[in-house]
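Chemist: please work out how this folds:
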Amino acid sequence: MTPPPAKAASPKASAPKSQAKAPPKARARESKTPEGAVLPVRKDLLGPQSRNLKILSGVLGFQASQRGGDIILPSQDGELMELGRKAIYGLSVIPARGSAPDSWETECLAHLLKNDPDIDIEDFYASSRASGFPAAPRTVAQKKFLEAMRTHSLVFGLGPAGTGKTFLAVCAAVEALTGGDVARIVLTRPAVEAGERLGFLPGDLADKVDPYLRPLYEALAELLPFKKIAALKSTGELEMAPLAFMRGRTLSRAFVILDEAQNATREQMKMFLTRLGPMSRAVVTGDPGQSDLPGGSPDGLAEAMEILPGTEGVSFCKFTGRDSVRHRLVRDIIEAYRTKADQGGGKGRVSPNPLREF
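Modeler: Here you go, the predicted structure:
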């Protein structure tokens, strides 16, 4: 019996790897004219007066123009052309708060591609959409941080202000609680003042500690309605307290977040890390270069950075100024301070960045 002829390999299967990773939607109807490459795009994705297109081309340096529902990429450097294609395609896949990305979300996309031009945009956002995570990463470091919090019992998120450490940690906690992985969320911070004394604040103890926990409230408010937060607090599924209140406790089936850990002393850090009970996870966030501890106090975060790397179940995730997702100026401000710290010397010397040698 003559065996049936072998099936010819499909064009898709034999396509080079580089083509297989190409953005499918961006290339589906792409055409070429003497003017250059023409990419169809929904008008609303470009924002009012094509603002999003201007942001992408301005940050990434490619040339582009709009004609009706098409974007024209004139003949230019091949790498810039590919970067333009990725950026325009990214507008259709980036997780947006509305029906289309706003200028902030577009700027995050632009800086993501600027820092890592070879990144696979579809793959970068796919895991966030599939998991139903309440927030999507905007930088590679943020994505690694989110993944580490899913797979490790203890995670340190270290870096400057505005890089999303606290917000993403709260997102991971909400995901763990709603998914049934933990029974409660515990949020804590050291009550260390930056110039003012706790005792001079008006009100009872709850009123005095509330300002220290406000950033954690704000992160929660981005994810959950106020009534839901109040309900979680009333049932004990959500707890916020100063770090000093953690002493003597065992936290079982809990997702525990220590925020502003650079203000924890050596004794406080050890106390916190030894609170974990069965089926619990902990996340420690802080900026090692911005401590408000009084002079001479032992730095608990610095010690943990020294002795815990390499410990099984512990992950350290580092952020830089490039990961800032606040106002555009924040990146420049962080970079200016980092440069000053690296140079050192002179009047008002700034300590070198501890993350550089970490």
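
Chemist: only C-alpha atoms from now on, for both contacts and neighbour counts.
Modeler: Noted.

Chemist: what sits against residue 155?
Modeler: The contact partners of residue 155, taken as C-alpha atoms under 8 Å, 6 or more residues apart in numbering, are 148, 149, 282, 283, 284, 314, 315, 316, 317.

Chemist: please repeat the previous calculation with a cut-off of 10 Å.
Modeler: Residue 155 makes contacts with 145-146, 148-149, 169, 257, 281-285, 313-317, as judged by C-alpha atoms under 10 Å, 6 or more residues apart in numbering.

Chemist: closest one of those residues to residue 188?
Modeler: Nearest to residue 188 among the contacts of residue 155 is residue 257, at 6.2 Å by C-alpha to C-alpha.

Chemist: so residue 249, which state does it fall into?
Modeler: coil (DSSP: H, G, I helix; E, B strand; the rest coil).

Chemist: and the nearest residue to it once chain neighbours are set aside, how many residues sit next to it?
Modeler: Distances taken as C-alpha to C-alpha, 6 or more residues apart in numbering put residue 275 closest to residue 249, at 6.1 Å, once the chain neighbours are dropped. Using other C-alpha atoms under 10 Å, the number of residues around residue 275 comes to 17.

Chemist: for the strand or helix carrying residue 171, packing partners?
Modeler: Following DSSP states H and E, one finds residue 171 within helix 165-178. Contacts defined by 3 or more C-alpha pairs under 10 Å, 6 or more residues apart in numbering; DSSP states H and E place helix 165-178 against helix 140-151, strand 154-158, strand 184-189, helix 205-223, strand 254-258, strand 281-286.

Chemist: at 8 Å instead, please
Modeler: Secondary structure elements in contact with helix 165-178, counted by 3 or more C-alpha pairs under 8 Å, 6 or more residues apart in numbering; DSSP states H and E, are helix 140-151, strand 184-189, helix 205-223, strand 254-258, strand 281-286.

Chemist: out of the ones you listed, flag the one nearest residue 246.
Modeler: Closest among those, using C-alpha to C-alpha: strand 184-189, at 8.4 Å.

Chemist: centre of the chain to the closest one, how far?
Modeler: The chain centroid and the centroid of strand 184-189 are separated by 19 Å under C-alpha atoms, centre = their mean, to the nearest Å.

Chemist: mind listing what's buried along that strand?
Modeler: 184, 185, 186, 187, 188, 189 (16 or more other C-alpha atoms under 10 Å).

Chemist: same thing with stretch 44-57?
Modeler: Buried residues in stretch 44-57, counted by 16+ other C-alpha under 10 Å: 45, 46, 47, 52, 53, 54, 55, 56, 57.

Chemist: list the contacts of it.
Modeler: Outside stretch 44-57, the residues that reach it (C-alpha under 8 Å, 6+ apart) are 63-64, 84, 87-88, 91-92, 100-103, 106-107, 110.

Chemist: hey, C-alpha coordinates of it in CSV?
Modeler: C-alpha atoms of stretch 44-57 as CSV (Å, rounded to 0.1, in the frame of the first residue of the first chain):
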residue,chain,number,x,y,z
ASP,A,44,-9.4,56.8,18.7
LEU,A,45,-6.2,55.0,19.6
LEU,A,46,-4.2,58.0,18.4
GLY,A,47,-5.9,60.3,21.0
PRO,A,48,-7.2,63.9,20.5
GLN,A,49,-5.4,65.6,17.7
SER,A,50,-3.2,62.5,17.2
ARG,A,51,-1.5,63.3,20.6
ASN,A,52,-0.5,59.7,21.2
LEU,A,53,1.2,59.4,17.8
LYS,A,54,3.2,62.6,18.5
ILE,A,55,4.3,61.2,21.9
LEU,A,56,5.5,57.9,20.4
SER,A,57,7.4,59.6,17.5
